[in-house]
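Asks: Test case, fold it:
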Amino acid sequence: MTKNTVAEDIAEFVVNLKYKDIPNRIIKKAKDQILGVIAAIYAGSLTDEGKIIINTVKQFGDKEESSLIPSGFKTSVRSSVLCNSSVGVALDYVDYLLSGHTGVSAVPVSLAVGESLNSTGKEVITAQIIANEIEGRLGTSVFLGPQNGQLWSYIHLIGGAVAASRLLGLNEDQVANAIGIALAQSTYTIFRGYFAMAKLFVSGLPAQIGVQAAYFAKNGLRGAHDIIEHPLGFCNLMADIPLKFITNSALGKAWVTDTLCYKIYPGCAYVDAIADCILDLHKEFDINYKEIKRVEVFSSILTTAMDDFAAPFTTIDSLKKEQTHVALNFTVPYTVAATLIDKELTPRQFKKERYLNPEIHNLANKVKIIPDSKISSEILGTLPAIKIPSLKEIISGKYSLADINLDDVTVAFAGAVKIIMNNGKKYYKKQNIPYGAPGNPYDLKKKFTQEAINILPSEKIDPAIRAINNIEAIENIGDLIQKICSQI
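Replies: The predicted model follows:
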C-alpha cells in the first residue's frame, strides 16, 4: 500500500471532516473569530491604506461574485479575498494561534468563496476551521526557521487552497493538487516591506493565490503532492530545522483552533498585555501623564527585537515620509504613550492626527523597554501543557500534536509596566495573559460593536452579531453578508 504524502493526508481531512464531528468549543471559537476579523475589516476600511486598496479593487471591473466588506460592492471571488484580507490586517488587529495569524485569511476566504456558491453557514464555518487547522500546522512546521508571526505569509497560501477546495467540493486528489499548486510559488515576506503600506498584502495576496490554486485544481491542473516534505520542498526551504510531520499531525483529533488569541487592540500581539496594564492602572489611579518621569516596560526578548526593527520608521519625520501608521503597530513606546494620554488603544490612535502628534512622541521618548528573561520564558503561558519532543522524536516524526493538551496552551505574551512620576511615586502592573487569550476571556461582541458603530446603522449591529452567533442555521451565507455590509 502506498503511503500518503503530507498533502494527501491533509486532503483526506479536508474532504471528509463533518460539521458534526467538530467539537462545540471549536465552533464557538470560530464564531468569535468571525466577530473579531469582521471588526478588524471594518476598522481597516477606514484607514488611508485600506481605502486605497478598496478603491483600486473596485477599479478592476471584475465579475460580480462576492462582496467587499463593509460596502457590499460586488467583485470576483479572488479580488474579494485579496481586498478583505488585506484591509483586515491594516491595523494588525486580528487573532493569532499556534502558529500564525490565520483568521485574516480563514474568514475572508470562506465568506467570499461561500457567497459565490450560495453555501450554508455550516459549510462556511467548517471551511474556516479547516483553514485554521492546516495554516496553524504549516506555521508550526517551520517554527524553527528565520521567520515568525505574520512573516509566515505562506500559511495563507495553503489556507486559501484548503478552504476553497472544501467549499468547491473537490475530491482528495484535487485538494492535494491545489496544495501543490499553491505552495509551488511560496511567498517570502521581505522584512523591510513590513514597515510600509505594502505590509497590508502579507495575507491577502497569498490567500488569493491559494484560492486560485483550488480553482485551477478543479479544472485539472496538477501540483506536486509531496511539495511539503520532499527534500526540495517547502519545509526544507523555509525552516532551519523542519518539523514537516507536524503539518498532518493528529488532524481531527487535536485542534489548533483551541489556541486562538483574540486581539482587542490594534497592534502586534506583544502590546496586548502592556495595554491591559496601562488601562487597568488608569481605572485604579488618577495618573497625570504630564507628570510622568519615565515608564519602564518589562517584556519578552522578542518584543525588544521587534521594537528595535520598527524604531527607525516611527519618528515623526519617517512617519511623514512613509505616510502610514504601519510601523507604529510594532513599537511599544508609541503604544504606551498614546494609551497613557488618550486612556484608550483603538484605531483612533493610529489616525494621522494622532500619530503625528508631538506630545505623544515626547512621552514615548520616556519609555524604556527592559527585556525580562522570566517573561520571555512565559510566552507560551502554559509550557507544562506541552510535551517537548526529543531530537530523536523530531527526526523520526513520531511526535504528534495529540500529545499536547492544546486546549490548555496559551500562545500569549505577558508584560509588565512600571510608571515613575516626577514626585517619585510609582505605579506597577503585570499581566500574564492578555484579555482575549485563552485563560482570560473577552466578549468579542464588544470589539465588533466598537468598530461596527462606525460602519453600520445602529439597528443593524445586534442582528449582525446574532447572525454570526447562529451561523450554523443560515441556509445561504449571502444572508449573513447582507447583515454585515453597510449598503446591502
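
Asks: Contacts only, for the residue lying closest to I134 once chain neighbours are set aside.
Replies: Distances taken as CB to CB, 6 or more residues apart in numbering put V162 closest to I134, at 5.0 Å, once the chain neighbours are dropped. Just so you know, the C-beta spots here come from the backbone N, C-alpha and C atoms, and that holds for glycine as well. Going by CB atoms under 8 Å, 6 or more residues apart in numbering, V162 touches I10, V14, A127, I130, A131, I134, V175, A178, I179, G210, A214.

Asks: Among the residues you listed, which pair sits farthest apart?
Replies: Using CB to CB, the contacts of V162 span at most 14.6 Å, a distance reached by A127 and I179.

Asks: Which residue ranges make up the domains of this structure?
Replies: 6-259, 269-374+414-431 (automatic domain parsing).

Asks: what about the longest one, start to end distance?
Replies: The first and last residues of domain 6-259 sit 23 Å apart, counting by CA to CA, to the nearest Å.

Asks: can you tell me the average pLDDT over it?
Replies: Here domain 6-259 scores 97 as its mean pLDDT.

Asks: ok so, going back, and the strand or helix carrying the residue nearest to I134, how far out from the chain middle?
Replies: Assigned by DSSP states H and E, V162 belongs to helix 155-168. Distance of helix 155-168 from the chain centroid (CA atoms, centre = their mean, to the nearest Å) equals 16 Å.

Asks: host element of Y428?
Replies: strand 426-431.

Asks: Would you mind putting the CA coordinates of the helix or strand just after that strand into PDB?
Replies: Later in the chain than strand 426-431, the nearest helix or strand by DSSP H and E is helix 444-452. Output of helix 444-452 as PDB, limited to C-alpha atoms (Å, rounded to 0.1, in the frame of the first residue of the first chain):
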ATOM      1  CA  LEU A 444     -15.900  39.600  21.200                       C
ATOM      2  CA  LYS A 445     -19.300  41.300  20.800                       C
ATOM      3  CA  LYS A 446     -17.700  44.400  22.400                       C
ATOM      4  CA  LYS A 447     -14.900  44.600  19.800                       C
ATOM      5  CA  PHE A 448     -17.500  44.000  17.000                       C
ATOM      6  CA  THR A 449     -19.800  46.700  18.300                       C
ATOM      7  CA  GLN A 450     -17.000  49.200  18.900                       C
ATOM      8  CA  GLU A 451     -16.000  49.000  15.200                       C
ATOM      9  CA  ALA A 452     -19.400  48.400  13.700                       C
END
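
Asks: counting contacts, what elements does helix 444-452 pack onto?
Replies: With contacts taken as 3 or more CB pairs under 8 Å, 6 or more residues apart in numbering; DSSP states H and E, helix 444-452 sits against helix 24-45, helix 458-469.

Asks: Same question for stretch 478-488: list its buried residues.
Replies: Residues of stretch 478-488 classed as buried by neighbour count (16 or more other CB atoms under 10 Å): G478, L480, I481, Q482, K483, I484, C485, S486.

Asks: circling back to that earlier point, and the helices and strands packed on helix 444-452, which is most packed in?
Replies: helix 24-45 (a mean of 23; mean count of other CB atoms under 10 Å).

Asks: Report the central residue of the protein.
Replies: By CA atoms, centre = their mean, the chain has its centre lying nearest to H101, at 2.9 Å.

Asks: Skipping adjacent residues, who's closest to that residue in space?
Replies: That would be Q150: by CB to CB, 6+ apart, it lies 5.3 Å from H101.

Asks: That neighbour is in contact with S85, isn't it?
Replies: No - applying CB atoms under 8 Å as the test, Q150 and S85 come out as separate, 12.0 Å apart.

Asks: now I130, what's its secondary structure?
Replies: For I130, the assignment made with DSSP: H, G, I helix; E, B strand; the rest coil gives helix.
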